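Asks: Provided below are the primary sequence and the corresponding predicted coordinates.
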Amino acid sequence: MTQGEKEKLIKILSDPILWGSSFCKVVDKNGKTVPFVMNPQQNELVNGLSKYNIVLKSRQLGITTVSCCLSLYYAITQPNSHCMLISFSMDSANSIFDKLKSMYDSIPNAIKPREMANNRSYLKFDNNSKISVCTMGSKELARGSSLKFVHISEVGFCKQDKVVKQLLAIEQALLPDGKIVLESTANGLNEFSNMWDRAEQGESLYKPFFFNWISDVIMFAEEYKQFATRYKGIYGKSLSREELDTIEQTYF
């Protein structure tokens, strides 16, 4: 390896965004396996991560995908790391594990550790790092753990009494440089909405990230094109910018 190649590798290993795009692959909306290039929302989250983070979002913005990438990044580049991916149901947890395993399998063998365990509850590697995948149930998830990274998916759909009980233990298990991401679409007034309100008003340690559906022009680009073509077919012309309202003009 040349000096230039070593410097490039060091740069990639120090940046989770570069690491993900260089080494991880995902299946896109068209069913094609492609390099994992983060969208604007994923980039904003990763670049802005603090120790405590809460995300209110629309669906299908890839927060779970980027959390799988971050878990693999920490587990591979920092031996003895424990990352945890938590969801509200067993079906969802299984889906997250499949996404995690697919991303891990796409990583070049030259840079990934060997699997020591793979049982749909966790991946364990020969560098003593582990990624656990579980549900927000009654089991004490963080007992005896020192956690590097935690992502709780769809917190608003978890049993809210379990959220209150488990979250305190998870927060106490975070390493000094550990990070936690609470993420959900809206689901009425509940503990998640209370946590979001406190974070948005600066009344908690959690840093708020708000990602609405209209701002995601990349994820739904094909749908926008289809609707624009349909509109033109019906009315014989495309919408002009002057016909858009103030909010629409902001995004389009």
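Replies: Looks like it arrived, so ask away. Residues are numbered from 1 along each chain as shown.
Asks: make it CA atoms for all contacts and neighbour counts henceforth
Replies: Noted.
Asks: give me the low-pLDDT residue ranges for the protein?
Replies: Residues of the chain meeting the criterion pLDDT under 70: 138, 214-225, 227-228, 247-252.
Asks: And the strands in it?
Replies: Secondary structure of the chain by DSSP state E: the strands cover 25-27, 33-35, 52-57, 82-87, 115-118, 122-125, 130-135, 147-152, 174-184, 207-211.
Asks: wait, which of those strands is closest to residue 109?
Replies: For residue 109, the closest of these is strand 115-118, at 11.1 Å, according to Cα to Cα.
Asks: can you list the residues that contact the closest one?
Replies: Contact partners of strand 115-118, identified using Cα atoms under 8 Å, 6 or more residues apart in numbering, comprise 123-126.
Asks: For the chain, which segments are assigned as helices?
Replies: Counting by DSSP state H, one finds helices in the chain at the ranges 3-13, 16-23, 40-48, 63-77, 90-106, 160-173, 191-200, 221-235, 246-251.
Asks: got the buried residues for the first one?
Replies: In this case it means helix 3-13. 12-13 (16 or more other Cα atoms under 10 Å).
Asks: next one: the fifth one
Replies: Buried residues in helix 90-106, counting neighbours by 16+ other Cα under 10 Å, are found at 92-94, 96-97, 99-101, 103-104, 106.
Asks: between it and strand 130-135, how many degrees?
Replies: Orientation of helix 90-106 against strand 130-135 (axes from the mean of the first three to the mean of the last three Cα atoms, to 10 degrees) gives an angle of 160 degrees.
Asks: rewinding a little: so of the helices of the chain, which one's packed in deepest?
Replies: helix 63-77 (a mean of 23; mean count of other Cα atoms under 10 Å).
Asks: re earlier: can you say which of the strands of the chain is nearest to residue 12?
Replies: Ranking those by proximity to residue 12 (Cα to Cα) places strand 33-35 first, at 14.7 Å.
Asks: quick one on the thing from earlier: okay, the helices of the chain in TSV with distance to residue 135 next?
Replies: Formatted as TSV, the helices of the chain follow (distance: least, Cα to Cα, whole Å):
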stretch	distance to residue 135
helix 3-13	30
helix 16-23	25
helix 40-48	23
helix 63-77	14
helix 90-106	6
helix 160-173	10
helix 191-200	16
helix 221-235	33
helix 246-251	36
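Asks: which one of these lies closest to residue 182?
Replies: Residue 182 lies closest to helix 191-200 among those, at 8.7 Å (Cα to Cα).
Asks: Dump the closest one to PDB, keeping only the CA atoms.
Replies: The C-alpha coordinates for helix 191-200 follow below in PDB (Å, rounded to 0.1, in the frame of the first residue of the first chain):
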ATOM      1  CA  GLU A 191     -44.500  10.000  25.600                       C
ATOM      2  CA  PHE A 192     -42.700  10.400  22.300                       C
ATOM      3  CA  SER A 193     -44.600  13.600  21.500                       C
ATOM      4  CA  ASN A 194     -43.800  14.900  25.000                       C
ATOM      5  CA  MET A 195     -40.100  14.100  24.500                       C
ATOM      6  CA  TRP A 196     -40.200  15.900  21.100                       C
ATOM      7  CA  ASP A 197     -41.900  19.000  22.500                       C
ATOM      8  CA  ARG A 198     -39.300  19.200  25.300                       C
ATOM      9  CA  ALA A 199     -36.400  18.800  22.900                       C
ATOM     10  CA  GLU A 200     -37.800  21.300  20.400                       C
END
